[in-house]
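A.B. asks: Here's my sequence, what's the structure:
(one chain, ligands or ions: 1)
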Amino acid sequence: MLSKLIVSCGGTGGHYYPGLSIARKAQDKGLDVSLFLTGRRAPGQAEIAEEHGLKSNLARALSLPSIKKPWRIPLFAWRFYCDYLKAKKFLREEKPDAVLFMGSFAGVPLGLACASLKIPTFIHEGNVWAGKANRFMSKYAQKFLASFPLKNESAIQCPTVVVGMPIRPELLEENFKKPDFISHLNDEDPLVLCFGGSQGAEAINKMLRYAYDVMNARKYKLQLVQLTGSDDNAELIDFYGNSPVAVSKQSQEMGALINRANVVVCRAGASSIAELIHFKTKAVLIPYPIAAEDHQEINADYACQSNGFYKLHQSEIDQFSLANAIELQMRQDKELDFSMIDYPDAADKVLKEIFPKI
Ligand SMILES: CC(=O)N[C@H]1[C@@H](OP(=O)(O)OP(=O)(O)OC[C@H]2O[C@@H](n3ccc(=O)[nH]c3=O)[C@H](O)[C@@H]2O)O[C@H](CO)[C@@H](O)[C@@H]1O
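C.D. replies: Purely as a prediction, here's the structure:
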């Protein structure tokens, strides 16, 4: 009989996309796999899963009430209990052999239901600093599968294995087609790529144009691709005029772009860092300053052990500091200074930890 796996993907893209990559790999290996999705974004995520032929189940996402609003606790506790009972019913019907948690408090009712029904549970952590929900759930888990060596490993209450961050299969290809929206850029001059994570990168977007001007004044023949995360780019496009720049809200062709770029400017999210490591592309990392428990700062510090990365605080950004950081990275030899471990087979490794015989 097929082994059955449920992947609980939390509520945000940061948990969903690595979970989807693992589920796609499980499907390729012939496992019976489905996604457990929570929260407002889940319907869109369910459609994407369906495009890949994957089933999903939707549940509401509860978030912890603030201690400043204690009157919300009784309603929260009641809802949590209801979600826990629903999760138990769901698990009794589905009878999975294992459940994998990608993080987020949204998965905790399902996690506790797994513990009560003695269903083997595994956790995947994207960041260098294991998050609160994953630390809590580790008490009930068989194994804690980490993307990078953990800075707070002592807080994990089950065996930990470093397996890497699963990257989308599209990014693991060898030959990339040049994206249409950058067709006016040439293949010779240096290219800087800038993008944000799921929270966008407004502060970076605002300053990059001026840093670009500074670099032009320093006689760099620089090309720029700026993915703003915003629909409203008219003013920015107008600012760049005829310069060799491509501006877009986002791109699905990140493999082609990161592979082509000489330097990337981005946040310090776990997938972004794993992708940069995979392509050995140098980067200026600007941690999202209000990320939970400052985990992007910790991710960036880990990445900066390699000379391929340079950390810049958002509070320090002006056109000169950003231009200087990009220049510093451009001057380094692309191949010589990169010492991070790439895990292109991370999804495979996760599945082997869960089902050693597949
Ligand atoms: C603000 C915040 O708290 N973000 C967190 C969120 O991920 P968040 O989604 O913000 O950041 P990640 O770096 O993990 O992922 C960004 C992803 O978006 C892709 N991309 C970006 C732009 C674009 O146009 N097209 C595109 O496909 C990148 O290639 C990358 O795969 O969860 C991660 C995993 O717990 C954390 O490490 C991040 O810190």
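
A.B. asks: show me the residues around L191 that make contact.
C.D. replies: Neighbouring residues of L191 by C-beta atoms under 8 Å, 6 or more residues apart in numbering: 185, 222-225, 260-262. Quick note: C-beta positions are derived from backbone N, CA and C, even for glycine.

A.B. asks: switch to 6 Å and redo it
C.D. replies: Shown in contact with L191 (C-beta atoms under 6 Å, 6 or more residues apart in numbering): 223, 260-262.

A.B. asks: next one: V264
C.D. replies: Applying C-beta under 6 Å, 6+ apart, the residues near V264 are 193, 281, 283.

A.B. asks: Count the residues that sit near whichever residue of the stretch 51-200 of the chain sits closest to the ligand.
C.D. replies: Nearest residue of the stretch 51-200 of the chain to the ligand: G197, at 2.6 Å (C-beta to the nearest ligand atom). Neighbours of G197 under the rule other C-beta atoms under 10 Å: 20.

A.B. asks: for the ligand, what are the nearby residues on this structure?
C.D. replies: Where proximity means C-beta under 6 Å from any ligand atom, the interface of the chain facing the ligand comprises 12-15, 103, 126-127, 195, 197-199, 227, 250-251, 254, 269-272, 275, 288, 291, 295-296.

A.B. asks: how many neighbours does the residue in the stretch 151-300 of the chain positioned nearest to the ligand have?
C.D. replies: In the stretch 151-300 of the chain, the residue found nearest to the ligand is G269; the distance is 2.1 Å by C-beta to the nearest ligand atom. Neighbourhood size, G269 [other C-beta under 10 Å]: 26.

A.B. asks: bridging residues for the closest residue to it other than its chain neighbours?
C.D. replies: Leaving aside its sequence neighbours, G269 sits nearest to G197 (C-beta to C-beta, 6 or more residues apart in numbering; 4.0 Å). Note on G197: beta-bridge partners by DSSP bridges are G200.

A.B. asks: H124 too?
C.D. replies: Per DSSP bridges, the residues bridged to H124 are L145.

A.B. asks: Tell me the spacing between it and Q226.
C.D. replies: Using C-beta to C-beta, to the nearest Å, H124 is found at 31 Å from Q226.
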